[in-house]
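S.K.: Here's a sequence, model it:
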Amino acid sequence: MNYLRLVWAFFRIGVMSEAAYRINFFIQLFQSLLELAMSLAGLAVIFSYTNSLGGWSPDEVLALVGVYFLIGGIIGLVIQPGMEQLIEDVREGTLDFTLTKPEDAQLLVSLRQVDIWRLVDIVMGFGVLAAALLRLGAHVGTSQAAAFGIMLLAGAVIIYSFWLILATLSFWFVRVENILEIFQSMYEAGRWPISLYPGWLRFALTFIVPVAFAVTVPTEALTGRLSGTTLLGAVALSVVLLAVSRLIWLRGLRQYSGASA
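M.R.: Here you go, the predicted model:
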């Protein structure tokens, strides 16, 4: 319950700080609508020449786009701002202010920054996803909904752990912002089915930069493509990555000398 109160406190602080610059809402809304329009226009052009893409129908790819925006919104809402602030604090030595607080430092750096306007992407993602399911005429049963929820949570944990590992590298290397930019660029590949890519790139987007587990696999749960093996593998990977990111974080803290050094 203490952690939940802490999450709520950070969320309220994020809302209050962002509410002072409400023009950011309209900027974010415009950017999100433009990105969505470009994605839908791209789908329309591609499917004007073919009926399937990597074995996926147009409406299934539309569902994939919805999940892509949904996960992207979660990343932009809390994961990316927190990790970028962590890198800056390590470089400037201001992480001291976080480490001296009584709560777990990893929890604090993960939740203290909230870009509230990225909720626009989350709402749009759910909207696109709902439209795709209506077009598919798919009846999402309890098992499919549960699998989707599990995969969405596992994908968010995998992405968070991966971002934390990259950001923690700042304890050893001063500037790692470019690594985060590279991930962001590779995440854009998630707007298309992973089966579309050649084998080497499919492997990279699944096990090196785990975009597939964040976007494609949750969509497979809704469209009836997900196997039990993949579900268990994704959950296992999320647990392993979370543990590894925690160990790397603790190891990195030992390398941190602080502003007073």
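S.K.: Name the nearest residue to the residue nearest the centre of the chain, ignoring sequence neighbours.
M.R.: Nearest to the geometric centre of the chain sits Ile75, at 3.8 Å (Cα atoms, centre = their mean). Residue nearest to Ile75 in three dimensions, not counting chain neighbours: Ile159, with 6.2 Å by Cβ to Cβ, 6 or more residues apart in numbering. C-betas here are computed from N, CA, C, even on glycine.
S.K.: Buried ones in stretch 2-14, by neighbour count?
M.R.: Leu6, Phe10, Gly14 (16 or more other Cβ atoms under 10 Å).
S.K.: Checking the second one next. Helix, strand or coil?
M.R.: When classified by DSSP: H, G, I helix; E, B strand; the rest coil, Phe10 comes out as helix.
S.K.: Residue numbering should commence at 23 henceforth.
M.R.: In the new numbering, first residue 23, that becomes Phe32.
S.K.: Could you tell me how far it is located from Ser39?
M.R.: Applying Cβ to Cβ, to the nearest Å, the value for Phe32 to Ser39 is 11 Å.
S.K.: What residues does Glu82 make contact with?
M.R.: Ala154, Leu158, Pro215, Thr241, Thr245 (Cβ atoms under 8 Å, 6 or more residues apart in numbering).
S.K.: Among the residues you listed, which one lies nearest to Ile109?
M.R.: Within these, the smallest distance to Ile109 is 30.9 Å, found for Thr241 (Cβ to Cβ).
S.K.: hang on, that closest one packs against Val87?
M.R.: No. Thr241 is beyond contact range of Val87, at 9.1 Å (criterion: Cβ atoms under 8 Å).
S.K.: how about the strands in the stretch 23-172 of the chain?
M.R.: Counting by DSSP state E, counting those that start in this stretch, the stretch 23-172 of the chain forms no strands at all.
S.K.: burial of Val237, as a residue count?
M.R.: If you count neighbours by other Cβ atoms under 10 Å, Val237 ends up with 31.
S.K.: which among the contacts of Glu82 end up buried?
M.R.: In the contacts of Glu82, the ones that pass as buried (16+ other Cβ under 10 Å) are Ala154, Leu158, Pro215, Thr241, Thr245.
S.K.: Which of those fall within helices?
M.R.: If you go by DSSP state H, these have Ala154, Leu158, Thr241, Thr245 in helices.
S.K.: so what's the last one closest to, chain neighbours aside?
M.R.: It refers to Thr245. Glu82 is the one closest to Thr245 (Cβ to Cβ, 6+ apart), at 5.2 Å.
S.K.: Quickly note the distance from that neighbour to Pro215.
M.R.: 8 Å.
S.K.: Same question for Ile144.
M.R.: Distance from Ile144 to Pro215, by Cβ to Cβ: 22 Å.
S.K.: again, but for Pro124
M.R.: Counting by Cβ to Cβ, the gap from Pro124 to Pro215 is 46 Å.
S.K.: Same question for Leu56.
M.R.: 23 Å.
S.K.: How far off centre is the host helix or strand of Ile201?
M.R.: Using DSSP states H and E, Ile201 falls within helix 199-209. In terms of Cα atoms, centre = their mean, to the nearest Å, the centre of helix 199-209 is found 12 Å from the chain centre.
S.K.: buried residues in it?
M.R.: Ile201, Leu202, Phe205, Tyr209.
S.K.: Other residues contacting that helix?
M.R.: 94, 97, 102, 105-106, 109, 184-185, 188-189, 191, 227, 231, 233, 236.
S.K.: Quick check: mean pLDDT of that helix?
M.R.: Averaging pLDDT along helix 199-209 gives 77.
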